[in-house]
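Asker: No sequence on hand, only this structure:
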């Protein structure tokens, strides 16, 4: 491979050991990776069959001196697989030229060719060096701009090469600019390493770990010259050794760029050279109009969604017009449902939301026509129902005055006010505290007394006691007044015992 930098002597590589242990080359751009691979290929060309996966077309010059057949990758994947099978059958050294293809096409073509080498018949498992330059393109550590399918296919082919290729005679030699960009399961299968110039801390630390060096020695990778590498592995050296790669017989088509002086010419001449066609420049036909790219075929879910949208919507059935008679029947059914709900002794202590859900369910069971009342309308109906107003009273104009006045009150005191208004309108005794508490959904007489006191503080009601100490509540805005009543006379209604056969039903 060249010479040992310290102490002299030749840097040798055991080719038979390399076939069993694989090789990883790492170095930044310009460190001499391609020069190292070319030296290895030239020295081993007469001894072993070779295959080079070349993304930039730098190794096609091997064919001029060593007889490598250049395979242009501008073919179908099936053709590349068949060519790879023939390569193993006839033991021909080849260079797979991927130059001119985009990244995804390069990955697919390389995967197809490596798959053809890997799937050869057992009788054709001859030893073969498989060199992959810029391996991070074909086995990336993370997803990039290419499709997931192309990445999985390419990564699978590289993993097969490095993990399972040894039993099939394939010795993987991969080169990369950065170890961090290379998939770990691919890099981990190499047992031989040649580490070149590296500047990033993370890459230097990883290279030092692979070579078994201490972290403080990792700084040496920054000082390596072009073509100088640190070698370690069973095919190279048992200890890290600095190596200077020797000369090569062929060269890359690109070569190294040298500074050249710019041509001296007037600015007008330069302008004419750019904007005017030369005499020997062939005339180009007018470009054909670019065809729009066909959209991808729709998926199954998209097709189903289109079918649903294309289906004509069923015309809504016209709602029957409500006559005065049907409206009255509907209101009667709604009142009946509400009375059934409030017949339950525990209904007074349930939240309005729970009662409203029960109300909606009963409306569906009774097949009540039209939209059911919304929650605010239900609250108003509930307040009237808890006040105990009969149908005749509710239809009178006097009760309409009470409802109009109650509409301006907050929802938590509407029920209490309407209960007092009903008693005052009928001249009934003043409701006891327990009954007032039930109207606001509570069992506490103290809460009833606080609500009455609040109404009195707002000048909505006025309370007084007669000579017997019974309470009378007046509603000044309506001009009504309840009869005298004992505030402590309420008794909690008891639910009938289901085992009592003589209970009133």
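Answerer: Perfect, thanks for sending it. This is a predicted model, so every value here is computed, not measured.
Asker: Helix or strand for residue 473, just tell me which one.
Answerer: strand 471-475 (DSSP states H and E).
Asker: no no, residue 271
Answerer: helix 267-275.
Asker: wait, isn't residue 22 in contact with residue 193?
Answerer: No: Residue 22 is beyond contact range of residue 193, at 10.1 Å (criterion: CB atoms under 8 Å). For every residue, glycine as well, the C-beta is placed using N, CA and C.
Asker: okay, the two: which has more neighbours?
Answerer: residue 22 (24 against 21; other CB atoms under 10 Å).
Asker: quick one: contacts for the more buried one?
Answerer: Applying CB atoms under 8 Å, 6 or more residues apart in numbering, we find residue 22 in contact with 162, 166, 171-173, 189-192.
Asker: Equivalent analysis for residue 344, please.
Answerer: Counted by CB under 8 Å, 6+ apart, residue 344 has zero contacts.
Asker: ok so, going back, relative to residue 17, which of the contacts of residue 22 is nearest.
Answerer: residue 192 (8.2 Å; CB to CB).
Asker: hang on, the earlier thing: among the contacts of residue 22, which are in helices?
Answerer: residue 162 (DSSP state H).
Asker: Please spell out the ChimeraX selection for the buried subset of the contacts of residue 22.
Answerer: To isolate in ChimeraX the members of the contacts of residue 22 that are buried, counting by 16 or more other CB atoms under 10 Å, one can use:
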select :162,166,171,172,173,189,190,191,192
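Asker: all strands of the stretch 151-300 of the chain, in order?
Answerer: Secondary structure of the stretch 151-300 of the chain (DSSP state E, counting those that start in this stretch): strands located at 170-176, 192-195, 228-233, 237-245.
Asker: What about the residue nearest to residue 120 when sequence neighbours are not counted, how many residues nearby?
Answerer: Spatial nearest neighbour of residue 120, chain neighbours left out: residue 88 (4.2 Å); criterion: CB to CB, 6 or more residues apart in numbering. Neighbour count of residue 88, defined by other CB under 10 Å: 24.
Asker: could you say what helices and strands the helix or strand hosting residue 88 packs with?
Answerer: Using DSSP H and E, residue 88 sits in helix 77-90. The contact analysis (3 or more CB pairs under 8 Å, 6 or more residues apart in numbering; DSSP states H and E) places helix 77-90 against helix 103-118.
Asker: Residue 62 against residue 250, yeah?
Answerer: Yes: under the criterion of CB under 8 Å, residue 62 makes contact with residue 250 at 5.9 Å.
Asker: which residues do the two both contact?
Answerer: The contact sets of residue 62 and residue 250 overlap at 38, 42 (CB under 8 Å, 6+ apart).
Asker: Buried residues of the strand holding residue 473, list them for me.
Answerer: 471-475.
Asker: could these go into JSON lines alongside pLDDT and distance to residue 300?
Answerer: Shown next, in JSON lines, are the buried residues of strand 471-475 (pLDDT from 0 to 100; distance: CB to CB, whole Å):
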{"residue": "471", "pLDDT": "90", "distance to residue 300": "75"}
{"residue": "472", "pLDDT": "90", "distance to residue 300": "77"}
{"residue": "473", "pLDDT": "90", "distance to residue 300": "72"}
{"residue": "474", "pLDDT": "89", "distance to residue 300": "75"}
{"residue": "475", "pLDDT": "87", "distance to residue 300": "70"}
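Asker: Any stretches of the stretch 151-300 of the chain with poor pLDDT?
Answerer: Within the stretch 151-300 of the chain, the stretches with pLDDT under 70 are 215-216, 253-257, 281-294, 296.
Asker: Give me the contacts around the helix holding residue 271.
Answerer: So helix 267-275 is contacted by residue 265 (CB under 8 Å, 6+ apart).
Asker: Okay, buried residues for that helix please.
Answerer: Per 16+ other CB under 10 Å, helix 267-275 contains no buried residues.
Asker: Mind jotting down where the helices sit in the stretch 351-500 of the chain?
Answerer: Ranges of helices in the stretch 351-500 of the chain, per DSSP state H, counting those that start in this stretch, are 352-365, 375-387, 391-394, 397-406, 411-426, 433-439, 445-457.
Asker: Spell out the secondary structure type for residue 16.
Answerer: With DSSP: H, G, I helix; E, B strand; the rest coil as the basis, residue 16 sits in helix.
Asker: if we can go back for a sec, how close does the residue nearest to residue 120 sit to residue 166?
Answerer: 15 Å (CB to CB, to the nearest Å).
Asker: ok, back up a step: was I right about the residue nearest to residue 120 contacting residue 130?
Answerer: No: using CB under 8 Å, residue 88 makes no contact with residue 130, being 10.9 Å away.
Asker: any shared contact partners between the two?
Answerer: residue 117.
Asker: Pass me the low-pLDDT residue ranges in the stretch 301-450 of the chain, would you?
Answerer: Short version for the stretch 301-450 of the chain, where the test is pLDDT under 70: 311-325, 348-349, 387, 389-396, 411.
Asker: domain assignment for the protein?
Answerer: Under the assignment automatic domain parsing, the domains of the chain span 2-245, 371-481.
Asker: I'd like these as CSV, with distance to residue 343 appended.
Answerer: Converted to CSV, the domains of the chain look like this (distance: least, CB to CB, whole Å):
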stretch, distance to residue 343
domain 2-245, 66
domain 371-481, 11
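Asker: ok, and which of the ones you listed has the densest surroundings?
Answerer: Each of these was scored by mean neighbour count; the highest is domain 2-245, a mean of 19, by mean count of other CB atoms under 10 Å.
Asker: Off-centre distance for it?
Answerer: Domain 2-245 sits 35 Å away from the centroid of its parent chain (CA atoms, centre = their mean, to the nearest Å).
Asker: how long is that domain from one end to the other?
Answerer: 4 Å (CA to CA, to the nearest Å).
Asker: cool, and stretch 120-135?
Answerer: Using CA to CA, the two ends of stretch 120-135 sit 23 Å apart.
Asker: Distance of the nearest residue to residue 200 once chain neighbours are set aside relative to residue 201?
Answerer: For residue 200, ignoring the flanking residues on the chain, the nearest one in space by CB to CB, 6+ apart is residue 178 at 7.2 Å. Computed as CB to CB, the residue 178 to residue 201 distance reads 12 Å.
Asker: Check residue 301 too.
Answerer: 47 Å.
Asker: Likewise for residue 11?
Answerer: From residue 11 to residue 201 the distance is 28 Å (CB to CB).
Asker: give me every residue that touches the residue lying closest to residue 196 once chain neighbours are set aside.
Answerer: Leaving aside its sequence neighbours, residue 196 sits nearest to residue 27 (CB to CB, 6+ apart; 2.7 Å). Residue 27 makes contact with 33, 175, 177, 195-198, 229 under the criterion CB under 8 Å, 6+ apart.
Asker: Dump those to a markdown table, plus distance to residue 185.
Answerer: Converted to a markdown table, the contacts of residue 27 look like this (distance: CB to CB, whole Å):
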| residue | distance to residue 185 |
| --- | --- |
| 33 | 21 |
| 175 | 17 |
| 177 | 19 |
| 195 | 20 |
| 196 | 23 |
| 197 | 26 |
| 198 | 21 |
| 229 | 24 |
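Asker: Closest to residue 208 out of these?
Answerer: residue 195 (8.6 Å).
Asker: If that closest one is in a bridge, with which residues?
Answerer: residue 26, residue 230 (DSSP bridges).
Asker: if I pick it, what's in contact with it?
Answerer: 26-27, 207, 210-211, 221, 229-230 are the contacts of residue 195 under CB under 8 Å, 6+ apart.
Asker: quick one: it from residue 137, how far?
Answerer: From residue 195 to residue 137 the distance is 20 Å (CB to CB).
Asker: about what we covered before: from the contacts of residue 27, pick the one nearest residue 420.
Answerer: Nearest to residue 420 among the contacts of residue 27, counting by CB to CB, is residue 177 at 89.3 Å.
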